[in-house]
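Asks: A predicted structure for the sequence below; I have some questions about it.
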Amino acid sequence: MKQRDLKGPHGTTNVVEETVRNPNVMPSPYSPTIELVGVSYGYGKDLPVIDDITLSIPQGQWVTLVGANGCGKSTLVKLMNALLPKGEGSIKVKGLELQSDTIGKIRQTIGMVFQNPDNQFIGATVEEDIVFGLEGQCLSIEVMEERVKSYAARLGITDLLYKHPSELSGGQKQRVAIASILSMEPEVVIFDEASSMLDEKTRNELLNILSDMHKSGRYTIISITHDAQEIAASERVLVLHEGKLIADRTPTELFQDEKILEMSHVIAPFAFQLTRELHRYGLDISIPNCEKELMEALWPLHLRK
Amino acid sequence: MAITFEKVNYEYDANSMWSQAALQGVNLHLESGILAGIAGATGSGKSTLLQMFNGILKPTSGTVQVLDITLRGGEKAPKLHQLRKRVGLVFQFPEQQLFEDTVEKDLCFGPINFGCSVDEAKERARKAMEKMGLDESLLSRNPFQLSGGQMRKVAIASVLAMDPEIVVLDEPTATLDPVSRAELIQLLHRLCREEGRTVIIVTHRMDELLPFANQWVILHEGRTVFQGTVKALIEQADQMESYGIVIPQSIRYWRAISEKFGLSGEDPCLSAEAMSKRIAELVSAEDV
């Protein structure tokens, strides 16, 4: 694709506005962490992969991005830290406009964890792997040692530091990949289907890590996933369909909207499915959090008969 | 009986200092025409077990009988050509094994290798596509231009083209999106129900297979710690966690319902549709 003009805003209406507020001024503390206005991207005019997306994500929010395979989820997050050349529209990270001279700064703000941790290992040991990113940030040896120590402890991989990545299990590899990213202290962390290769137990582990990160308040989390449990744990769900943003709602709202569920290829958690089916039989109960709650809801109905 | 294991041990690098036991004293009985699920935590021996089903690995000791072919530990194996033909193995991420420049050529590769004529192989390819719910028009396409879910189905079809009596799949739904996952499981279920093939699926998402499987095998540290029906599995669900398996939501809910309403003798309803129907019956039983 022909790389679009990196310097200025696109579309006629923005031109005046943008010249007034220079995108290079210091970011305001009140700017949203991620702000997309009219972002489009594609291979040629007829095939937009991303089609006119406008959204804003405040600091500290945990957002899930869902949609069928090929709807543009990965493309969208890759645009955010310029892993793909810029298309139409404006992308701002902490108020800073993404353009050729701000890419370096923006990439330091955003860390990405991918589906297959094998594809992002570089070092011969876990420690080397973590250090690689830190060296790239030109930190002093003392700071690097401190970071390795503290983030390895935080993710429970201290015992693995001197192992070769091939000696690790899938879940351990994914934790190493996360430690490597977090040690660079990004403010935004993007997980691109990071749980889809993991087994059930390790998936729960990853979910705990995400929850802890969210609770710490330091991170803005964007997670691409199909996993109902992971969606349920997040605060906000963005639904992409054929490159367009078709819904922006809470997980509970999403799980109750059959049409959007179908379009996004998401299957609701069992409790939601069961409640929906029960409604069809005229049993009007609210969505239980666990089997006990379901029984508490059903028992009075049963006794009343 | 499709598959019988008696006291099967398997060690990697047997007879060396580094020998590592992967299966220990495994007994297994799987009948023909069933849909069986095999579950277990990472490293429990699932993949090792799977590779014994068509003689890729031979037992270190014990007896493996698959269809009418017997493999005994310590003995020279019989000719495995027939076994390989009759037991189709689908490995993890089978789409990585696609190699031809058209889907049709890829599907014909197996049958031709096992002695089919070109025309017969093409006919089988067409049938296999139909079984996997794929459009015939894809036959002339390059397999690498298909979507992930389609590639997965083509790869499974390439095993079905060999017309195996037993189909064994190692985590066939991994990394697919939930809708494609449900669709694939339904196709595999149909293969078992409508064509009488024995289908064995290794999975770490028990929930999606629960409404369909009639037999379950649970492995833990190289041993079979459970083998039986879903009903029996539910009765022993409490032990699942000690085997490193998370108890599926549907089992949790069914157990609660079954305890409260005294349904322990009943066949479990594990899909949302079936369970809600049963609940509705229970709640309105004394309605009239």
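Replies: Right, received. Where do you want to start?
Asks: Near chain B, which residues of the stretch 151-300 of chain A are found?
Replies: When proximity is defined as Cβ under 8 Å from any Cβ of the partner chain, the stretch 151-300 of chain A approaches chain B at A:169-171, A:193, A:196-197, A:199-202, A:204, A:226, A:228, A:262, A:265-267, A:269-271, A:273-274, A:276-278, A:280-283, A:290-292, A:294-295, A:298-299. Yep, even glycine has a C-beta here, placed from its N, CA and C like the rest.
Asks: Would you list the buried entries among those?
Replies: Neighbour-count burial (16 or more other Cβ atoms under 10 Å in any protein chain shown) applied to these gives A:171, A:193, A:196-197, A:199-200, A:202, A:204, A:226, A:228, A:265-267, A:269-271, A:273-274, A:276-278, A:283, A:291, A:294-295, A:298.
Asks: so after the helix or strand containing B:Glu104, what's the next helix or strand?
Replies: Applying DSSP states H and E as the criterion places B:Glu104 in helix B:103-113. Downstream of helix B:103-113, the next assigned helix or strand under DSSP H and E is helix B:118-131.
Asks: Downstream of that next one, the next helix or strand is which one?
Replies: Using DSSP H and E, the helix or strand that follows helix B:118-131 in sequence is helix B:148-160.
Asks: which intervals of chain A have sub-threshold pLDDT?
Replies: A:1-30, A:44-46, A:304-305 (pLDDT under 70).
Asks: Break it down into its domains, please.
Replies: Domain assignment for chain A by automatic domain parsing gives A:3-267, A:269-305.
Asks: now, of the ones you listed, which is deepest in the fold?
Replies: For the domains of chain A, the largest average neighbour count (mean count of other Cβ atoms under 10 Å in any protein chain shown) is found in domain A:3-267, namely a mean of 18.
Asks: In helices, which of the buried ones among the residues of the stretch 151-300 of chain A next to chain B fall?
Replies: A:171, A:200, A:202, A:204, A:228, A:270-271, A:273-274, A:276-278, A:291, A:294-295, A:298 (DSSP state H).
Asks: Could you tell me how far the closest residue in space to B:Leu57 that isn't next to it in sequence is located from B:Val159?
Replies: In this structure, B:Leu57 finds its nearest non-sequential neighbour in B:Gln51, 4.4 Å apart by Cβ to Cβ, 6 or more residues apart in numbering or on different chains. According to Cβ to Cβ, to the nearest Å, B:Gln51 stands 15 Å off from B:Val159.
Asks: do B:Arg223 as well
Replies: Distance from B:Arg223 to B:Val159, by Cβ to Cβ: 28 Å.
Asks: now swap in B:Phe53 and tell me
Replies: For B:Phe53, the distance to B:Val159 - Cβ to Cβ - is 13 Å.
Asks: Please enumerate the shared neighbours of these two.
Replies: Taking Cβ atoms under 8 Å, 6 or more residues apart in numbering or on different chains as the criterion, B:Phe53 and B:Val159 both touch B:Leu89.
Asks: Give the other helices and strands that the helix holding B:Glu104 contacts.
Replies: Contacts defined by 3 or more Cβ pairs under 8 Å, 6 or more residues apart in numbering or on different chains; DSSP states H and E place helix B:103-113 against helix B:118-131, helix B:148-160.
Asks: Scan chain B for its longest helix.
Replies: Longest helix in chain B, counting by DSSP H: helix B:178-195.
Asks: helix/strand/coil for the residue in the stretch 1-150 of chain A that chain B sits nearest to?
Replies: Of all residues in the stretch 1-150 of chain A, A:Asn69 sits closest to chain B, at 5.4 Å by Cβ to the nearest Cβ. Using DSSP: H, G, I helix; E, B strand; the rest coil, the three-state assignment for A:Asn69 comes out as coil.
Asks: residues near the closest residue to it other than its chain neighbours, how many?
Replies: Of all residues not flanking A:Asn69 in the chain, B:Asp177 sits nearest, at 5.4 Å (Cβ to Cβ, 6+ apart). By the criterion of other Cβ atoms under 10 Å in any protein chain shown, B:Asp177 has 24 neighbours.
Asks: Poorly predicted segments of chain B, please.
Replies: B:285-288.
Asks: quick one, domains of it?
Replies: Split by automatic domain parsing, chain B gives B:33-51+B:79-246, B:248-288.
Asks: can you give me the helices in the stretch 1-150 of chain A?
Replies: A:12-20, A:73-80, A:103-109, A:126-136, A:141-154 (DSSP state H, counting those that start in this stretch).
Asks: Same check on the stretch 151-288 of chain B?
Replies: B:178-195, B:206-209, B:230-235, B:249-261, B:272-283.
Asks: For B:Gln24, find the nearest of the ones you listed.
Replies: Among the helices of the stretch 151-288 of chain B, helix B:230-235 comes nearest to B:Gln24, with 21.6 Å by Cβ to Cβ.
Asks: Check which residues of that closest one are buried.
Replies: In helix B:230-235, counting by 16+ other Cβ under 10 Å, buried: B:230, B:233-234.
Asks: Could you export the residues you listed as a markdown table, including distance to chain A?
Replies: As requested, the buried residues of helix B:230-235 are exported to a markdown table (distance: Cβ to the nearest Cβ, whole Å):
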| residue | distance to chain A |
| --- | --- |
| B:Val230 | 16 |
| B:Leu233 | 16 |
| B:Ile234 | 13 |
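Asks: highest average neighbour count across the helices and strands packed on helix B:103-113?
Replies: Highest mean neighbour count among the helices and strands packed on helix B:103-113 (mean count of other Cβ under 10 Å): helix B:148-160, with a mean of 23.
Asks: Dump the C-alpha coordinates for stretch A:290-297 into PDB.
Replies: What follows is stretch A:290-297, C-alpha atoms only, in PDB (Å, rounded to 0.1, in the frame of the first residue of the first chain):
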ATOM      1  CA  CYS A 290     -22.400 -19.500  40.200                       C
ATOM      2  CA  GLU A 291     -24.500 -22.700  40.500                       C
ATOM      3  CA  LYS A 292     -25.500 -21.800  44.100                       C
ATOM      4  CA  GLU A 293     -27.200 -18.600  42.900                       C
ATOM      5  CA  LEU A 294     -29.000 -20.500  40.200                       C
ATOM      6  CA  MET A 295     -30.400 -22.900  42.800                       C
ATOM      7  CA  GLU A 296     -31.400 -20.000  45.100                       C
ATOM      8  CA  ALA A 297     -33.300 -18.500  42.200                       C
END
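Asks: Name the surrounding residues that touch it.
Replies: A:271, A:274, A:285-286, A:288, B:252-253, B:255-257, B:260.
Asks: ditto for stretch B:88-97
Replies: Applying Cβ under 8 Å, 6+ apart, the contact partners of stretch B:88-97 are B:47, B:50-51, B:53-54, B:56, B:143, B:148, B:151-152, B:154-156, B:158-160, B:162, B:164, B:166-172, B:174-175.
Asks: can I assume B:Arg223 is in contact with B:Gln24?
Replies: Yes - the pair B:Arg223 / B:Gln24 is scored as a contact, 5.4 Å apart, by Cβ atoms under 8 Å.
Asks: contacting residues around the nearest residue to B:Gln249 once chain neighbours are set aside?
Replies: In this structure, B:Gln249 finds its nearest non-sequential neighbour in A:Phe270, 3.8 Å apart by Cβ to Cβ, 6+ apart. The contact partners of A:Phe270, taken as Cβ under 8 Å, 6+ apart, are B:207, B:248-250, B:253, B:272.
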